[in-house]
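Colleague: Need a 3D model of the sequence below.
(3 chains)
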Amino acid sequence: MFLLITAATLLFGVIFYFLGVNKIKRICSQDDIRPNSLFGYHGAYPAILAVVPALVLLSIWLVCDDLIFNSMLEARFPDDLEVKGRQTILILLAQIRNISDGIIVGQPDEWILILSQQLSAWRANSEIANAIMAVGLSVFCGFIGISRINLNFRARKAVETLFLTGLIICSLIAIITTIGIVFSVIFESIRFFKLISPLEFLTGTVWNPEFEGAERAGSGQQGMSAYGSIPLFAGTFLISIIALSVSVPVGLFSAIYLSEYASKKARATIKPLLEILAGVPTVVYGFFAALTVAPFFRETGGLLGLNVASESALAAGFVMGIMIIPFISSLSDDVISAVPQSLRDAALGLGSTKSEAIKKVVLPAALPGIVASIILAVSRAVGETMIVVMAAGLAANLSVNPLDAVTTVTAQIVTILVGDQEFESAKTLSAFALALTLICITLVLNFFALKIVKKYREQYE
Amino acid sequence: MPTTNTDQLVNASLKLRRKKERRFKMLGILAIALALCFLVTLMVSILSKGIPGFFQYYITLSVDLDRERLDPIGDLSDQSLFDGQANKIVQEAIFLKTGATSRNEKRAVRKLLSNGSDTRLISFVKSNPKLLDSTQKLKFALDDDADSYFRGFVKKQTPEKQRRLSDLQIEYLDTMNKSGLISYQISDYLFFGSASRNAEMAGIKGAAIGSLLTLTVCFLISFPIGVATAVYLEEFAPKNKFTELIEININNLAAVPSVVFGILGLAMFINLFGLPRSIPLVGGMVLALMTLPTIIISSRAAIKAVPPSIRIGALGVGASKVQATMHHVVPLAIPGMLTGTIIGMAQALGETAPLLMIGMVAFIVDVPGSVMDPGTVLPVQIFMWADFAERMFIQKTSSAIIILLLFLILMNGGAIWLRKKLERRW
Amino acid sequence: MADLDKTIVKCSNVSVFYGENKAINDISIEIERQSITSFIGPSGCGKSTFLRTINRMNDTIEGCHIEGQVMVDGQDIYAPSIDVVPLRAKVGMVFQKPNPFPKTIYENVAYGPRIHGLAKNKSHLDEIVEKALIGAGLWTEVRDRLQDTGTGLSGGQQQRLCIARAIAVEPQIILMDEPCSSLDPIATSKIEALMSELSNDYTIIIVTHSMQQAARVSQNTAYFHLGNLIEYGDTKEIFVRPQDPQTEAYISGKIG
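Modeller: Numbering: from 1, shown residues only, chains lettered A, B, ... in the order given. This next block holds a predicted model:
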């Protein structure tokens, strides 16, 4: 149905295009003068008016009518219905919708069947109304467009204004996305913080989210939920430190060698190879970490007499470090190359060796940029998900020992939301609170990195 | 010539300084060697596990395609074939070849064959109905334990209790192998099979198609919007607070971790808009929002690279700003925009976390037929398979990774080729 | 023997190539010790390139190689066994655009002595820095703000800082590549005055595109054109009685 109406709208667009062009041609041949815009623009204007508003209406209607129907259905639920939270309502609504679609499972209650029939009726009516409205709007706007066509009508300008409006709306998508993220996260986080105090969340040292009323296995008692996020941040911190201790030395020295010592050919070959490390999907790194690196560390640790967990922070952090190497090497390479040659010449002219010139002149000059690249790498490490989910385990240990298993903020978000979800319980909502803190941290880090880069750029401009 | 005091001091310092220079250079080379070593280790690890995953062991059996037994109703309908005795026929064939007679023996032999053998027979019958009532030689996959034996993962030396195959089963396998019935060939299950709990039947077809649908949706949404935003910001936007706000937002979005986009998809598209979970449409929408900043930034760079002389030339002959931009600047910037978009798509192809959030973790056996059917994507499939401990799954997971990496190489290589081919020297 | 003493730099049949491109064509010249020699000629004729062969700064340019022999103080500086580090301590350089390090004034001057290990201790280093700044005529202006950044000085001061930096390692020769071209006339005259003082202790070779400057400061002048050495001799002779018609054409302004 949707496709049919869309096709019809587009057809109207074409029709109005030709109507518009014909009208302006007629006017011109009557008075024998040329209009200020090409004929095509006079056709495009009513065409655009015919197509765009109708399609927008169509889309919005499609999305909204289900929402409206849901509230209408809910209003008609029997008063004596036992409701165990939002989840029950959602399940019932879904069931009604399925029945309306023709999927009947088991023996639903009488009232559910009645509501399904009503839903089907509403839907049918809505579809027809939508179609009529869309077609009507299309024709109406098309005619408005046509009516505006005369010799004085600046068709090109009108079409270009419509075009620019379209561009601006597209540009707003970025803002809308941010607003969407902020709202979806903050909204649910607020609901979370109504159940769990922010203080406990930020300072508690035990993380054990459980669904309401869930029993601890075998104990027959209700599990004690705890939402202290410190172990998670400690885990994130630990793994990030390990990752940095791999990526910063390797990345920085690679960058120094490539930009200062390597021949053009060597640089052209090696730089892309390092970039490959950045292009490998994180799930592949996760697999590598879980199946190759973690066992390797565990066995090597065993040989050395150390007790390395099978899902150690060391394995996850190490592999994450490998992934981050190109971040640091690429960005550092750029900032080192940006240091003016005149400074190098001055140092070399005084009789420095190359390493002295680099260590004492080039690197200090490039330092702000290098620091910024490290901060960006940290931000990347903090937000990384798949490697930790696959290799670092889910034990909310509070530990600074890299040989232990820890978990991170991102791993918990995934675990909580990829399972049963109950948007009433603190467990599901805690994921949003975690996401909120994650966003804040990454944004703050990126803000500082940007600020440093800006300051650094001023130095050389 | 006289050496001054300074000369002497300088010469004295040389030895140590030269040593430091050598050490410094060595550190650089060491760092690069380490990085390359990591890369090679990663590749070797994946390849060594993955290449065997492209192959499987099959057994050739002579099967009696008895029409009455296979197609009792007689119309070759799915129901008829389902009611038929395809399973029994295949089992009889292998009992014959191995000489299994007692209940124990038969049970042992049954386990050597893949669970999907009857499905295979049924689809063969459906595609070749004319061959009914004849005896045909067909290849069936071995069960993954039997397969593992031939790969050397199940060893005879291990005591029987600790093995997944009994002595009897191994005897049968050896016998059949000696008779030349076992063959090692490219696994058609890997490419054309769908998700399955049985390692020998598992394949990536569903996930691959899901990835294709998801990426298509992602491209169709993000490319026009990204290009439109880039054109607006570069050519038309005035330098005011509003424009700054847009640019700040784009930079922020580029920095947001991918999980958060998944959360946005979950909260807004699924909860608020009521879209179904796990469908390529929602996946594509989430990925589109993630890829937007990349496309915008690279498109802006492409537009910036077009020299001002082009714009001035167009304006000089009386074109409006919009005409100058759309007729002259944008066409010249399209190659750069496409390159950036392809790279963005390649990144989106490898994304896992946001798609997990919108529910693409479900075990979906059917191949998605449209963007509204539930499906999964290749990286999520890899993630799910990685949990299974069977040796064959490890190999197939690595094979799936190789396929994913090949796609990425193709896309990135294509982007670079495109950039080189259409590079203009202004 | 007396001749050897007088000549500090002797170039024989020196040609410089950028890849396939011949930039300097077969030049032989002898620079007098503790004199000021100027290289003049129209832009792009290779003066700077030739200057940079004397302290092997052309080594930093990829694809640049040299034929012929350059002797500094009796040593063939392009011999394979030669280390450029002590050479560049012996032959200092001041560049066209002042390029002080983004460090303090003190650190700028102390850089050279530090890396070569010329100072026994901190107070010795302080002495070296002071001496260099005095020699560059900058001491009185900066003595109270040695910890300020070098880049905060005016253009002329920055260039004198670069001169101080160069003389802090006690070179024998100072190469100056158009040192005043980015400075105003007052700063220029200050540096020109400095040059005559410096020539008491150092040999100075200066590349300049200003004939008037060459006439003002140098004892010997070499005229270059398109990579060739056209004429070389006493400055007054070159300017009043040039022997080569090309020299005459340049000096009288017919070519530039």
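Colleague: model confidence over stretch A:93-107, on average?
Modeller: In this model, stretch A:93-107 carries a mean pLDDT of 75.
Colleague: That stretch and chain B in contact?
Modeller: No - counting by C-beta under 8 Å from any C-beta of the partner chain, chain B is not contacted by stretch A:93-107; separation bottoms out at 8.9 Å. In short, each C-beta sits where N, CA and C put it, glycine included.
Colleague: Endpoint to endpoint, that stretch covers what distance?
Modeller: End-to-end distance for stretch A:93-107, by C-alpha to C-alpha, to the nearest Å: 16 Å.
Colleague: Buried ones in that stretch, by neighbour count?
Modeller: Buried residues in stretch A:93-107, counted by 16 or more other C-beta atoms under 10 Å in any protein chain shown: A:L93, A:Q95, A:I96, A:R97, A:I99, A:S100.
Colleague: can you check stretch B:71-79 too?
Modeller: Neighbour counts using 16+ other C-beta under 10 Å place B:D71 of stretch B:71-79 among the buried residues.
Colleague: pull the CA atoms of that stretch into CSV?
Modeller: Output of stretch B:71-79 as CSV, limited to C-alpha atoms (Å, rounded to 0.1, in the frame of the first residue of the first chain):
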residue,chain,number,x,y,z
ASP,B,71,7.2,-39.1,-1.7
PRO,B,72,4.3,-41.0,-0.3
ILE,B,73,1.6,-38.5,-1.4
GLY,B,74,3.2,-38.4,-4.8
ASP,B,75,3.2,-34.6,-5.5
LEU,B,76,6.7,-33.7,-4.4
SER,B,77,5.2,-31.2,-1.9
ASP,B,78,7.1,-30.2,1.2
GLN,B,79,4.6,-32.0,3.4
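Colleague: Reformat the buried residues of stretch A:93-107 into a markdown table and put distance to chain C and secondary structure next to each item.
Modeller: Shown next, in a markdown table, are the buried residues of stretch A:93-107 (distance: C-beta to the nearest C-beta, whole Å; DSSP: H, G, I helix; E, B strand; the rest coil):
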| residue | distance to chain C | secondary structure |
| --- | --- | --- |
| A:L93 | 66 | helix |
| A:Q95 | 70 | helix |
| A:I96 | 71 | helix |
| A:R97 | 67 | helix |
| A:I99 | 74 | helix |
| A:S100 | 72 | helix |
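Colleague: Nearest to B:F124 among those residues?
Modeller: Set against B:F124, the nearest of those by C-beta to C-beta is A:I99 (39.0 Å).
Colleague: How about the contacts made by the nearest residue to the closest one once chain neighbours are set aside?
Modeller: Nearest residue to A:I99, sequence neighbours excluded (C-beta to C-beta, 6 or more residues apart in numbering or on different chains): A:S116, at 3.9 Å. Neighbouring residues of A:S116 by C-beta atoms under 8 Å, 6 or more residues apart in numbering or on different chains: A:I96, A:R97, A:I99, A:S100, A:P108.
Colleague: The helix or strand that contains B:K106: which residues count as buried?
Modeller: Following DSSP states H and E, one finds B:K106 within helix B:103-110. Within helix B:103-110, the residues that count as buried by 16+ other C-beta under 10 Å are B:E105, B:K106, B:A108, B:V109, B:R110.
Colleague: cool, stretch A:246-260 as well?
Modeller: Going by neighbour count (16+ other C-beta under 10 Å), the buried part of stretch A:246-260 is A:246-260.
Colleague: Now intersect those residues with the helices, please.
Modeller: Assigned to helices by DSSP state H, the following of the buried residues of stretch A:246-260 qualify: A:V246, A:S247, A:V248, A:P249, A:V250, A:G251, A:L252, A:F253, A:S254, A:A255, A:I256.
Colleague: just to revisit the earlier point, and whatever helix or strand comes next after the helix holding B:K106, what does it pack against?
Modeller: Once the chain leaves helix B:103-110, the next helix or strand it forms, by DSSP H and E, is helix B:117-127. Judged by 3 or more C-beta pairs under 8 Å, 6 or more residues apart in numbering or on different chains; DSSP states H and E, helix B:117-127 is in contact with helix B:67-70, helix B:78-83, helix B:86-98, strand B:135-141.
Colleague: so which of the ones you listed is the most packed in?
Modeller: Most buried of those, by mean neighbour count (mean count of other C-beta atoms under 10 Å in any protein chain shown): helix B:86-98, with a mean of 19.
Colleague: Outside of it itself, which residues are in contact with it?
Modeller: B:59, B:61-66, B:69-70, B:100-101, B:105-106, B:109-110, B:112-113, B:117-118, B:121-122, B:125, B:140, B:172, B:175-176, B:179, B:181.
Colleague: By neighbour count, sort out the buried ones in those.
Modeller: So, by 16+ other C-beta under 10 Å, the buried ones in the contacts of helix B:86-98 are B:59, B:61, B:63, B:65, B:70, B:100, B:105-106, B:109-110, B:112-113, B:117-118, B:121-122, B:125, B:140, B:172, B:176, B:181.
Colleague: Out of the helices and strands packed on helix B:117-127, which gets nearest to A:I325?
Modeller: The closest of the helices and strands packed on helix B:117-127 to A:I325 is strand B:135-141. By C-beta to C-beta, the value is 40.9 Å.
Colleague: Give me the packing partners of the closest one, helices and strands only.
Modeller: Judged by 3+ C-beta pairs under 8 Å, 6+ apart, strand B:135-141 is in contact with strand B:55-64, helix B:117-127.
Colleague: Would you mind giving those as a markdown table with mean pLDDT added?
Modeller: As requested, these are exported to a markdown table (pLDDT from 0 to 100):
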| stretch | mean pLDDT |
| --- | --- |
| strand B:55-64 | 87 |
| helix B:117-127 | 85 |
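Colleague: Indicate which one of the ones you listed is closest to B:A389.
Modeller: strand B:55-64 (18.5 Å).
Colleague: and the stretch 351-461 of chain A, which residues reach chain B?
Modeller: A:351, A:353-356, A:358-359, A:379, A:382-386, A:389-390, A:410, A:413-414, A:417-418, A:423, A:431-432, A:435, A:438-439, A:442-443, A:446, A:450.
Colleague: If we use 7 Å, what do you get?
Modeller: A:353-356, A:379, A:383, A:385-386, A:390, A:410, A:413-414, A:417-418, A:432, A:435, A:438-439, A:442-443, A:446 (C-beta under 7 Å from any C-beta of the partner chain).
Colleague: Let me see the domain layout of chain A.
Modeller: A:2-195, A:226-459 (automatic domain parsing).
Colleague: what sits up against the worst-scoring helix or strand of chain A on mean pLDDT?
Modeller: Taking mean pLDDT, DSSP states H and E as the measure, chain A has helix A:86-101 as its least confident helix or strand, at a mean of 74. With contact meaning C-beta atoms under 7 Å, 6 or more residues apart in numbering or on different chains, helix A:86-101 is reached by A:70, A:73-74, A:83, A:108, A:112-113, A:115-116, A:119-120, A:123, A:422-424.
Colleague: can you check stretch B:405-414 too?
Modeller: Residues outside stretch B:405-414 that contact it (C-beta under 7 Å, 6+ apart) are A:G279, B:I342, B:I343, B:M345, B:A346, B:L349, B:G350.
Colleague: for it, which positions count as buried?
Modeller: B:L405, B:F407, B:L408, B:M411, B:N412.
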